[in-house]
Structures are given as structure tokens and as C-alpha cells.
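Peer 1: make a model of this:
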Amino acid sequence: MSAKRVAASPKLYLVVPAFNEEWVLLESLCVLESKLTQMIQSNAIAKESALVLVDDGSSDRTWEIAKAHFDERYMSCLLYTSPSPR
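Peer 2: Residues are numbered from 1 along each chain as shown. This is a model prediction of the structure:
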């Protein structure tokens, strides 16, 4: 009798660019986080999936908002930023 192999759910890393998005960022992150959570709960993607937020030197509060949002969440999120241009 052969063992039946169960395919593992794929990991999904959703890359989200953000530049001066303070007015829409929180709403956008909540929607994306909700969709990823639904996909994880339905085993469509692996629980190790994550959002990858890339902030390329925003001059507004984009980075502060993103960091505060994910400091309070359980969802995996990788945050990358570069210094603001001078």
C-alpha cells in the first residue's frame, strides 16, 4: 500500500510598493491582510506567506503607519525602506 502524498500549500510573498501613501496605506494593508488570511485559512497558501512592504524613501508618514500597523498584528510582514532623497 503506497502512502498518498499531500501537496503542500505554496508560500505567497505579496510585494507592495509604497511611496507617500499615508492617506490610503492603512485601508490597503487591511484589505490585503484580510485576503491573505482568508487564503491561509482555506489552505490555498501556506501560513508562512507574508506581505512585503517596500517604501522607497517616502517623505510622509507611510513608514510610521506601516510599522505601527504590523507591530500590532500576527500576520507576517517584511518591511523595507530606503532613506529619503536629499
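
Peer 1: next, give phi and psi for the most centrally placed residue in the chain.
Peer 2: Residue closest to the mean C-alpha point of the chain, counted by Cα atoms, centre = their mean, is L51 at 1.7 Å. For L51, the backbone dihedrals (degrees, to the nearest 10) come out as phi -90, psi 140.

Peer 1: test my guess that it contacts S28.
Peer 2: No. L51 is beyond contact range of S28, at 10.2 Å (criterion: Cβ atoms under 8 Å). For every residue, glycine as well, the C-beta is placed using N, CA and C.

Peer 1: residues shared between the contacts of those two?
Peer 2: Common neighbours of L51 and S28, using Cβ atoms under 8 Å, 6 or more residues apart in numbering, are V16.

Peer 1: how about the strands in the protein?
Peer 2: 13-18, 50-55, 77-81 (DSSP state E).

Peer 1: same list (those) but as JSON lines, adding mean pLDDT and distance to T62.
Peer 2: Formatted as JSON lines, these follow (pLDDT from 0 to 100; distance: least, Cβ to Cβ, whole Å):
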{"stretch": "strand 13-18", "mean pLDDT": "90", "distance to T62": "5"}
{"stretch": "strand 50-55", "mean pLDDT": "86", "distance to T62": "5"}
{"stretch": "strand 77-81", "mean pLDDT": "64", "distance to T62": "9"}
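
Peer 1: okay, the ones you listed, which one's buried deepest?
Peer 2: strand 50-55 (a mean of 19; mean count of other Cβ atoms under 10 Å).

Peer 1: now that one and strand 13-18, what's the angle there?
Peer 2: 20 degrees (axes from the mean of the first three to the mean of the last three Cα atoms, to 10 degrees).

Peer 1: could you spell out the sheet neighbours of strand 50-55, each with its direction?
Peer 2: Strand pairing for strand 50-55, determined by DSSP bridges: strand 13-18 (parallel), strand 77-81 (parallel).

Peer 1: would you mind writing the CA trace of that strand as PDB?
Peer 2: Extracted in PDB, the C-alpha atoms of strand 50-55 (Å, rounded to 0.1, in the frame of the first residue of the first chain):
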ATOM      1  CA  ALA A  50       3.700  37.300   4.000                       C
ATOM      2  CA  LEU A  51       3.300  40.800   2.800                       C
ATOM      3  CA  VAL A  52       6.500  42.500   1.800                       C
ATOM      4  CA  LEU A  53       6.100  46.300   2.000                       C
ATOM      5  CA  VAL A  54       8.700  48.400   0.200                       C
ATOM      6  CA  ASP A  55       8.900  52.100   1.000                       C
END
